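A.B. asks: structural data only, the sequence is not supplied:
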């Protein structure tokens, strides 16, 4: 029905072109014009996702809506796009997030509005490109290209230490990705083009697999971020403007996991199996150690940033504990559950953490502080906001009924099959995340109003209300009816598991 | 004894330039006072005309003429086209600068024309004699050009330094050539190739020593480590418009020199120059990228960046395959496009009595002139090799050719240096976008052609990054046998 329209290309290029138009919308005297263009573009893009979702066939793991044009024929590079059950959700997630970010930035951003909106729209197009690319070089182009708008976004609209944070962010992620490029070029010598799917059936020796796995891992571990290469994240998150933090948390971190699912596991299954112990240990360190670090934070954004690292540790755990489960039980059923749990966790984290970052942005706009101690008793002045924030905090903790519960539950359930020790460590997250989230909530929202600034705070305004309402709806919807997500990626996850557990030696 | 006139057609572009130089000279002498623009326009017409001739000759089959000392092939034509077009841009950028700083404009244009003529001859040269001739014709005007601002001692110093170092390099080159001549008894590249494959076993020492001297001379002209010492000093000392010229077209000529001397004349010595170039490339990438970080002067920083970039270009030559040579050529042409834009902006921002030199002079450019800042942003990210700019594909091209040639460690090392290098490009972006301007007044580029040139230049970096195919194909085709 929709096959003759290049839907995937449109979802990439509409925001990029919209962003370029937005850039020339004029200076800050014409800020509203820029905002309207951005909102319009983001909305069109959201609409484009409707036929994408409706036309998507959930019963097959094949790539759908495939587009394939020669790009650089000499090097075997194609402009090749397609989505499966995993990537379609990421595409929809990115469009929703950008739409919300545009609304949320409506008022807080007052300087260089046109450029701000342009940066976000261009970033949006590139992120969708990452999730849609079926060609490794195209993937790499989007993957790296996205750093430019993000770098500008942190550096131009960020907090006091924005220069440091932006350069650290850029160099860290750039460093990680470099070796991935070499790995891709190397894989290319074994086949005829850069098609990712054509890398899957390649026979590789163990040494090759381990080397390639490590090259990929550097790229993805920095993005996820995994312990010990996570240190850029607290800085970037803290200094970025609220919209930037949301995109970082909701989308950019997911690209790392997506990379593991799309590249590491299917291309180097034996190395993944071989190194799964190491990966599980790294994930557990992220879950336990980073959670402890989060408890000690005094800056709200930093706290949420650390909590992100811990939550992402959960998803990497889900990816690699799969190998232990298969080794132990010999069938794919439990591995299935765990990996699906990882996917849900990833999407849920996007909403709950994104919402919390927006929440901190709302507080920051009113008091110009992110310090927990500067607040206290906010619930008295902003009851509506406090209610919303409570919901997101609980989703972050993983309360049943919210989206956070589904993922954590599935992962913990699955990892029981692998080892009790892993489960024991993983389950501490339930305690720690409750500790830091609720303790922060208590200090910010409850108690008497002490600070003068809090006295003058006013409750939510229309744009803020809209955004938080949509996010709250999504958090509860996924929590109550996770099948809406599971059914979309069920077949694709199955296919992925099959690829990832078949030896290629 | 028969005398047959050689075929002059392959050299028609050079003859056109030479003829027009006389016209420009006369026009400058007799008509410039009444009509100040005439020298400029005639110069541009010369360059564009020669470029058109080169494009028209492009479908001409490869031909060697003048008794084997001059070649017309796609490689030389492509390089000529870009030498000429980049010079057109150089003139567009530097015209306001020349006028504001009251530099003798006629002399400047004529020196550029002579230098371009030398480069045209050089890229088409197919014997040691024509190569050396072209080299000297293109180098000598550069020394004079730097000294044109005679009221600035720093320019005199730069000119002197460039001249002495250049003379030493020419000496090396000549000595190397004489050794090769001694072993092969010919100056003609075609004959050298066949003679050398015979004598490579009988005279290995003499040939290797000759190779080393020749390589040193050619690498000096390219400005790669360890022959790089002149680059930062000359870039810094030369007036901005002259730096702009030195940093662009001569790189293409230097590339041709290297290709003709090492790759085309001495394939028999491939193992020797292969390892030589690996050492030089690694050293250049390391020195260029690391020392550039410490620079406060943007011209010095870009000088070190050019050293590093030449190192990356050499990676393609090191691969030793036609694909690698094509990628190296693509790299250097794209480097010239980027460098043209970067120095173009520096020249445009330099006003009467104000030489833009410090990186901090770019502070807050985004508020003062968002369009120029955007162009500089594109160029900086392209130089850092961040997609979707053309710099990324240039790097991927050379790295890919290395991986295809089964050398994997070198690309990995190159990328590590690229990441170190990213820092100083990011710093320029940071200064332009994140810092508050020192003065609030907007910067307006008055001359329309300069504005047009920088827009074309900056957007080319971006659009060639999205559609690099045609250009890559052209470069690859030049080396297909």
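C.D. replies: Cool, got the structure. Every value quoted in this text rests on a predicted model; they were computed, and no experiment measured them. Residues are numbered from 1 along each chain as shown, chains lettered A, B, ... in the order given.

A.B. asks: now the spatially most central residue of chain B: how far from residue B:165?
C.D. replies: The centre of chain B sits closest to residue B:251, judged by Cα atoms, centre = their mean, with a distance of 1.8 Å. Distance, residue B:251 to residue B:165, by Cβ to Cβ, to the nearest Å: 16 Å. The C-beta positions use only the backbone N, C-alpha and C, and glycine is treated the same way.

A.B. asks: for the chain, longest helix please?
C.D. replies: Going with chain A. helix A:333-367 (DSSP state H).

A.B. asks: let's do chain B instead
C.D. replies: helix B:153-184.

A.B. asks: hang on, the earlier thing: which residues does the residue nearest to the centre of chain B contact?
C.D. replies: B:222, B:223, B:306, B:310, B:332, B:335, B:336, B:339 (Cβ atoms under 8 Å, 6 or more residues apart in numbering or on different chains).

A.B. asks: going by distance to residue B:31, which of those residues wins?
C.D. replies: Residue B:31 has its nearest neighbour among these in residue B:336, at 32.6 Å by Cβ to Cβ.

A.B. asks: and the pLDDT for that closest one?
C.D. replies: Residue B:336 is assigned 94 on the pLDDT scale.

A.B. asks: if I look at it, how far off is chain A?
C.D. replies: 21 Å (Cβ to the nearest Cβ, to the nearest Å).

A.B. asks: where's the one helix or strand that residue maps to relative to the chain centroid, distance-wise?
C.D. replies: For residue B:336, the host element (DSSP states H and E) is helix B:322-349. Distance, stretch centre to chain centre, for helix B:322-349: 8 Å (Cα atoms, centre = their mean, to the nearest Å).

A.B. asks: and the next element down the chain from it?
C.D. replies: Counting by DSSP H and E, what follows helix B:322-349 is helix B:365-368.

A.B. asks: which other helices and strands contact that following helix?
C.D. replies: Helix B:365-368 sits against helix B:370-384, helix B:409-433, with contacts defined as 3 or more Cβ pairs under 8 Å, 6 or more residues apart in numbering or on different chains; DSSP states H and E.

A.B. asks: before we move on, the earlier item: between the helix holding residue B:336 and helix B:370-384, how big is the angle?
C.D. replies: 150 degrees (axes from the mean of the first three to the mean of the last three Cα atoms, to 10 degrees).

A.B. asks: so what does helix B:322-349 touch, helix or strand wise?
C.D. replies: Going by 3+ Cβ pairs under 8 Å, 6+ apart, helix B:322-349 lies up against helix B:74-100, helix B:240-246, helix B:249-258, helix B:298-319, helix B:370-384, helix B:390-404, helix B:448-466, helix B:469-477.

A.B. asks: so what's the backbone phi/psi at the residue nearest to residue A:364 when sequence neighbours are not counted?
C.D. replies: Counting by Cβ to Cβ, 6 or more residues apart in numbering or on different chains, residue A:364 lies nearest to residue A:370, which is 5.7 Å off, once chain neighbours are set aside. Note on residue A:370: backbone dihedrals following degrees, to the nearest 10 are phi -120, psi 0.

A.B. asks: now residue A:370: how far from residue A:442?
C.D. replies: 17 Å.

A.B. asks: do the same with residue B:319
C.D. replies: In terms of Cβ to Cβ, residue B:319 sits 63 Å off from residue A:442.

A.B. asks: who has more neighbours out of the two?
C.D. replies: residue B:319 (26 against 12; other Cβ atoms under 10 Å in any protein chain shown).

A.B. asks: coming back round to it: following the longest helix of chain A, which helix or strand shows up next?
C.D. replies: With DSSP H and E, the next secondary element past helix A:333-367 is helix A:378-381.

A.B. asks: following that following helix, which helix or strand shows up next?
C.D. replies: Next along from helix A:378-381, by DSSP H and E: helix A:383-397.
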